[in-house]
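Q: quick check, what structure comes out for this input:
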Amino acid sequence: MNYGEIMSLDRHRLMCGDATKREDVEKLIAGEKVDLVLTDPLYGMKVQDKNGAIGNSKVHRAKLRVFVLLKSRQYPLLIGDNSQEVARKHYEIIKDVTDKIIMWGGQYFAHFLPISGAWIFWNKRTGNNDFSDGELAWVSKGRKVKYYEHLWNGVCMAGSYALNARGIGKGGRARIHPTQKPA
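A: Numbering: from 1, shown residues only. Below is the predicted model:
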């Protein structure tokens, strides 16, 4: 897929574009109503070193009480992960196309997101890892905090408690980038 191309997926559309560019978002939605934006922008944490590595991944498996040390993998660099500017630009565009937004990493963006009583807390059930034990999603509509529990540590997810020496989990799946989520 090339930059600017749009693929139709049943009732949905997927674009190779830039969510911080209003013209790309407008091209994607083509004047249609957007029901919901579910997004996970860069948090501005500078999670990678200059070579794309995310450090020694000490992966804790609470159920088995086993520690597996994986060599640090190198990933394509996450451009724009040195500040929250990318997320802010993205929010400024999406708030104009829908009033229903779920934005993961909301705790990093509280200084520019409107106050909301609705949040989602995801407990990753990892216990001891290099990153957070959970994540927060800011929700634009509603008044309740929702709690979600799902084992996840990059590639190890519920039902998969061991990784092989190359960091590949159950089903032969390797992590594609350091901030990916289970789907």
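
Q: quick one: end-to-end distance for stretch 114-126.
A: With CA to CA, to the nearest Å as the measure, stretch 114-126 spans 30 Å from end to end.

Q: mind listing what the closest residue in space to residue 108 that isn't next to it in sequence touches?
A: Nearest residue to residue 108 in three dimensions, chain neighbours excluded: residue 43, at 4.6 Å (CB to CB, 6 or more residues apart in numbering). Bear in mind the C-beta positions are built from the backbone N, C-alpha and C, glycine included. By CB atoms under 8 Å, 6 or more residues apart in numbering, the contact list for residue 43 reads 81, 84, 87, 105, 108, 179.

Q: and these, which of them are in helices?
A: Counting by DSSP state H, those place residue 87 in helices.

Q: just the buried ones from the contacts of residue 43?
A: By neighbour count, with 16 or more other CB atoms under 10 Å, those hold 81, 84, 87, 105, 108, 179 as buried.

Q: mind putting those into a markdown table with distance to residue 52?
A: Shown next, in a markdown table, are the buried ones among the contacts of residue 43 (distance: CB to CB, whole Å):
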| residue | distance to residue 52 |
| --- | --- |
| 81 | 11 |
| 84 | 21 |
| 87 | 20 |
| 105 | 20 |
| 108 | 21 |
| 179 | 12 |
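
Q: next, give me the two most distant ones among the residues you listed.
A: 84 and 179 (14.2 Å; CB to CB).

Q: now do the buried residues in stretch 27-34.
A: By neighbour count on 16+ other CB under 10 Å, the buried set for stretch 27-34 is residue 28.
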